[in-house]
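**Student:** Structure for the following, please:
(one chain, ligands or ions: 1)
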Amino acid sequence: MRIDIVTIFPTFFDALDISLLGKAKSAGLLELGVHDLRDFAHDRHRSVDDTPYGGGAGMVMKPEPWGEALDALIPERSADRADGSGPLVIFPSPAGEVFTQASARAFAAESHLVFGCGRYEGIDQRVFDDAAERSRVKLVSMGDYVLNGGEVAVLAMIEAIGRLIPGVVGNPESLVEESHEDGLLEYPSYTKPAEWRGRPVPPVLLSGNHGAIAAWRREQQLERTRRVRPDLLG
Ligand SMILES: Nc1cc(-c2cccs2)n[nH]1
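**Tutor:** Modelled structure (predicted):
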């Protein structure tokens, strides 16, 4: 998979050279390109924002630098290719569809993702409209709270997506029994010692009875999901 990121803070993504994703990059499982939006701003101050039409507080990101940046990353008119080829362009936004594990799975199946990190009060709407004529575009929300920019959201999405790319996580089994993977929250986990500060490990986990252990874990998932996230139970 190839991932391109457009941002005014390129060093924000140095974090992607660490840990799992760093290994995925060196193993050639993940190609990463980070692009400074200011490289596509040609005035003396390399400005990327301006005051909003219609007034109001804050600044809006100008369309010209974004248009040039996306032109450089999106091949001609890939939007209407029958096979859906061409990159999926993702903009984090509080106004987007909420990112879930299902989104991570869907995005991990793509061959090329382009992330656009907005800042300030947002990006001129015409950037989305123009990009949508040439590629598949999605606005994606990380939840009902407001960040200052899309960089943190993109880091979270790339972590959630990257770990699903085959070969990135050593033991694929570990991807199955996790919160949200089967639509439920995960069961509680324990390791040695068998008793710690007077707290024993649930005896069933020491029983060696794999059927009883599986049943206990499933019940724990259901109980935790009912208590913490009843919305997941539909
Ligand atoms: N879920 C979410 C996204 C955001 C962003 C703010 C600025 C760019 S993206 N806030 N909350």
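
**Student:** quick one: contacts of the helix ranked longest in the chain?
**Tutor:** The residue-count maximum for a helix in the chain (DSSP state H) belongs to helix 210-228. Identification of contacts with helix 210-228 by CB atoms under 8 Å, 6 or more residues apart in numbering yields 177, 182, 184-188, 202, 204-205, 207, 232-233. C-beta: built from backbone N, CA, C; applies to glycine.

**Student:** if we go to 10 Å?
**Tutor:** 177, 179-180, 182-189, 202-207, 209, 231-233 (CB atoms under 10 Å, 6 or more residues apart in numbering).

**Student:** any idea which element the spatially most central residue of the chain lies in?
**Tutor:** Residue closest to the mean C-alpha point of the chain, counted by CA atoms, centre = their mean, is Met157 at 1.1 Å. In this structure, Met157 sits in helix 151-162 according to DSSP states H and E.

**Student:** what's in contact with the helix or strand following that helix?
**Tutor:** As assigned by DSSP H and E, the chain's next helix or strand after helix 151-162 is strand 195-196. Identification of contacts with strand 195-196 by CB under 10 Å, 6+ apart yields 190, 201.

**Student:** From the contact counts, what lies against the next helix-or-strand element following strand 195-196?
**Tutor:** Downstream of strand 195-196, the next assigned helix or strand under DSSP H and E is strand 199-200. Packing partners of strand 199-200 (3 or more CB pairs under 10 Å, 6 or more residues apart in numbering; DSSP states H and E): none among the helices and strands.

**Student:** which secondary element of this protein has the worst mean pLDDT?
**Tutor:** The helix or strand of the chain with the lowest confidence, counting by mean pLDDT, DSSP states H and E, is helix 19-26 at a mean of 82.

**Student:** Give the buried residues for it.
**Tutor:** Under the neighbour-count criterion of 16 or more other CB atoms under 10 Å, helix 19-26 has 20-21, 24-25 buried.

**Student:** Adjacent strands (with direction) for the helix or strand following it?
**Tutor:** Using DSSP H and E, the next helix or strand after helix 19-26 towards the C-terminus is strand 31-36. When pairing is defined by DSSP bridges, strand 31-36 lines up against strand 2-7 (parallel).

**Student:** what about Ser86, distance to Val34?
**Tutor:** Heads up, residue 86 is Gly, not Ser. Using CB to CB, to the nearest Å, Gly86 is found at 20 Å from Val34.

**Student:** Report how many residues lie close to Arg38.
**Tutor:** 16 (other CB atoms under 10 Å).

**Student:** Which pLDDT value belongs to Asp43?
**Tutor:** Note on Asp43: pLDDT of 95.
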